[in-house]
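Enquirer: test case, fold it:
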Amino acid sequence: MSISPNRELRVIGQKALLLMLLSACALGVRAELRLADAERLALEADPAVIASQSRALALQQQAIADGQLPDPKLTVGVWNVPLDDFSMKKEGSSQFRSGIKQAFPRGQTLHYRQKHTEWLGRAEQAQVKFTQREIRRDVRQAFLELYYQSQATHVIDDSRQLFEQLVAITRAHYASGRVSQQDVLQAQLELSRLEDRATKISELADVQRASLSRWIGEAAWQPVAADFPLLPQTQSLVTLQASLSQHPAIESASARVEANQQMVKAAREQYKPGVDVGLEYRKRFGDNADGSDRPDMMAAMVTLDLPLFTEKRQDRRLAARQQQTEAAMQTREQKLREIQRLLKSDYARWQRLGEQETLYQQHLLRESSENAEAALHSYQSGINEFNTLMRARITALEVRLQAMRIRVDRAKTQARLLFLQGESQ
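Expert: Numbers count the residues shown, from 1 in each chain. Take a look at the predicted model:
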């Protein structure tokens, strides 16, 4: 049996990929985790997305069934059978009957019930999109927080070398009698506090990895790429406000309103009569008095519902459906107001964080670094005290961490805005 070239290429590619993975494992190499990889892994087989998709497909199938007529009913039996000998030929009124009946629900009840289920299916389809957006937002925020902890570890490692140098400098100055023992102890204290901070950051990083593993499994424990995660562009506030009506949460709520309105229409159809139509064949036995065969007979029947007393049934059901529709409309309005509030709040925060990020990048990072260097030179020259040097170094460290904190927080806010904005899948 011949093997197609395409299949050969696939087999070769799979073997090459397997060889690369085995080589990486043998060398102890672990692939870096990037935001795009985390999003892809989270959306590939998330149970919440699969469940929503299954519910949507189920409602599509159910809608077809809801629009069909009830199954016809077959009737088979014997009539007027004498009990003394059970003879079908003895009495002229004895008959064998077989018939079929078909019920036709009131008005266009089936049509509106089918539309009701179809709209529920559309609501579930919108829920699928909502769940996907929600997962992408949550994964982005968890990944960005993990990125911050990873970068904070690098900042602490860089600062550790500087603080170790300060300990060495103070010890040398203490040995020469230039400083007191308190300066040495304070330098060692700040170094120990830095170690404690590094431990806390590692703990927070592990917590974020555990949170991220909810969506991407063991990949959450891979090293995080050093490049800052980039997100799609955020639209203007006016554009975002105009697009909120297309948000999956609103689309789902609107579809449920339509589904309830279809049931209001179906409730109004209950004031119309329903119809049952039947056709029956009647087999007669025995002979007439003149010896001729008795003719077979047939019957056709129409049965009508008579909705004459509607006060406690049709009226109540219609009122109930109308109230359910009103509740669905208010739920939609509540969701729209909530996402409008989130949009205004997050957009304002995103802009303010952008201003802070610019300030840190253009001024504070440079100024704090220059201040720390100047404080070191002054201390070595005997101009400043050790406390001034330590404050400058700690300030420089705090500014670096805060600059990264602001950048990450702004990206997390942008992720929430993208959840409201939507983007191409």
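Enquirer: from now on I want contacts and neighbour counts done on CA atoms only, so please keep to that.
Expert: Fine.
Enquirer: any idea how far the residue nearest the centre of the chain lies from residue 124?
Expert: With distances taken as C-alpha atoms, centre = their mean, residue 131 lies nearest the centre of the chain, 1.7 Å away. Residue 131 is 10 Å from residue 124, where distance means C-alpha to C-alpha, to the nearest Å.
Enquirer: what's the pLDDT at the residue nearest to the centre of the chain?
Expert: Note on residue 131: pLDDT of 93.
Enquirer: now do the SS call for residue 68.
Expert: For residue 68, the assignment made with DSSP: H, G, I helix; E, B strand; the rest coil gives coil.
Enquirer: any idea how far it lies from residue 62?
Expert: For residue 68 relative to residue 62 (C-alpha to C-alpha), the value is 10 Å.
Enquirer: now do the contacts for residue 120.
Expert: Contacts for residue 120 were tallied using C-alpha atoms under 8 Å, 6 or more residues apart in numbering; they are 59, 255-256, 259.
Enquirer: list phi and psi for residue 234.
Expert: phi -90, psi 140 (degrees, to the nearest 10).
Enquirer: pretty sure it is touching residue 418, no?
Expert: Yes - counting by C-alpha atoms under 8 Å, residue 234 touches residue 418, with 6.7 Å between them.
Enquirer: where do the strands sit along the stretch 1-150 of the chain?
Expert: 73-79, 95-104 (DSSP state E, counting those that start in this stretch).
Enquirer: I meant to write the stretch 201-350 of the chain there.
Expert: Secondary structure of the stretch 201-350 of the chain by DSSP E, counting those that start in this stretch: the strands cover 275-284, 297-304.
Enquirer: deepest-packed of these, please.
Expert: Ranked by mean neighbour count under mean count of other C-alpha atoms under 10 Å, these are led by strand 275-284, which reaches a mean of 18.
Enquirer: any idea of the angle that one forms with strand 297-304?
Expert: Computed by axes from the mean of the first three to the mean of the last three C-alpha atoms, to 10 degrees, the angle separating strand 275-284 from strand 297-304 equals 160 degrees.
Enquirer: pull up the pairing partners for strand 275-284, direction included.
Expert: strand 95-104 (antiparallel), strand 297-304 (antiparallel) (DSSP bridges).
Enquirer: could the strands of the stretch 201-350 of the chain go into a markdown table alongside mean pLDDT?
Expert: Shown next, in a markdown table, are the strands of the stretch 201-350 of the chain (pLDDT from 0 to 100):
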| stretch | mean pLDDT |
| --- | --- |
| strand 275-284 | 91 |
| strand 297-304 | 92 |
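Enquirer: residues near residue 318, how many?
Expert: Using other C-alpha atoms under 10 Å, residue 318 has 20 neighbouring residues.
Enquirer: list the residues that contact the closest residue to it other than its chain neighbours.
Expert: Nearest non-adjacent residue to residue 318, counting by C-alpha to C-alpha, 6 or more residues apart in numbering: residue 267, 5.2 Å away. Shown in contact with residue 267 (C-alpha under 8 Å, 6+ apart): 109, 314, 317-318, 321.
Enquirer: of those, which is the most crowded?
Expert: residue 109 (23 neighbours).
Enquirer: quick check, it in contact with residue 262.
Expert: No - look at residue 109 against residue 262 with C-alpha under 8 Å: they stay out of range, at 9.5 Å.
Enquirer: closest to residue 353 out of the contacts of residue 120?
Expert: residue 255 (36.9 Å; C-alpha to C-alpha).
Enquirer: my guess is residue 79 contacts residue 91. True?
Expert: No - using C-alpha under 8 Å, residue 79 makes no contact with residue 91, being 10.6 Å away.
Enquirer: which one's more surrounded, the two?
Expert: Comparing residue 79 with residue 91 by other C-alpha under 10 Å, the one with more neighbours is residue 91, at 16 against 13.
Enquirer: so the more buried one makes contact with residue 286?
Expert: Yes - using C-alpha under 8 Å, residue 91 makes contact with residue 286 at a distance of 7.4 Å.
Enquirer: now list whatever residues contact both of these two.
Expert: Residues within reach of residue 91 and of residue 286 at once, by C-alpha under 8 Å, 6+ apart: there are none.
Enquirer: so where's the stretch 201-350 of the chain shaky on pLDDT?
Expert: 287, 289, 291 (pLDDT under 70).
Enquirer: what's the distance between the nearest residue to residue 268 once chain neighbours are set aside and residue 367?
Expert: In space, residue 268 comes closest to residue 318 once its chain neighbours are excluded; the distance is 6.5 Å by C-alpha to C-alpha, 6+ apart. Applying C-alpha to C-alpha, the value for residue 318 to residue 367 is 72 Å.
Enquirer: got it, and residue 145?
Expert: 26 Å.
Enquirer: my guess is residue 148 contacts residue 408. True?
Expert: Yes - counting by C-alpha under 8 Å, residue 148 touches residue 408, with 6.6 Å between them.
Enquirer: any idea what residue 297 is bridged to?
Expert: Bridge pairing for residue 297 - DSSP bridges - gives residue 282.
Enquirer: residues in contact with it?
Expert: In this structure, residue 297 makes contact with 281-284, judged by C-alpha under 8 Å, 6+ apart.
Enquirer: quick one: which two of those are the most distant?
Expert: Checking the contacts of residue 297 with C-alpha to C-alpha, the most distant pair is 281 and 284, at 9.9 Å.
Enquirer: so what sits against both of these two?
Expert: Listed as contacting both residue 281 and residue 284 by C-alpha under 8 Å, 6+ apart are 296-297.
Enquirer: can you give me the buried ones in stretch 352-362?
Expert: Within stretch 352-362, the residues that count as buried by 16 or more other C-alpha atoms under 10 Å are 353-354, 356-357, 360.
Enquirer: report pLDDT for the nearest residue to residue 389 once chain neighbours are set aside.
Expert: Distances taken as C-alpha to C-alpha, 6+ apart put residue 375 closest to residue 389, at 5.1 Å, once the chain neighbours are dropped. The model reports residue 375 with a pLDDT of 89.
Enquirer: before we move on, back to that, between residue 234 and residue 418, which one's more packed in?
Expert: Taking other C-alpha under 10 Å, residue 234 and residue 418 do not tie; residue 418 has more neighbours (21 against 16).
Enquirer: and that one, what is it in contact with?
Expert: 137, 232, 234.
Enquirer: quick one: the helices in the stretch 201-350 of the chain?
Expert: With helices called from DSSP state H, counting those that start in this stretch, the stretch 201-350 of the chain shows them at 237-243, 248-269, 314-359.
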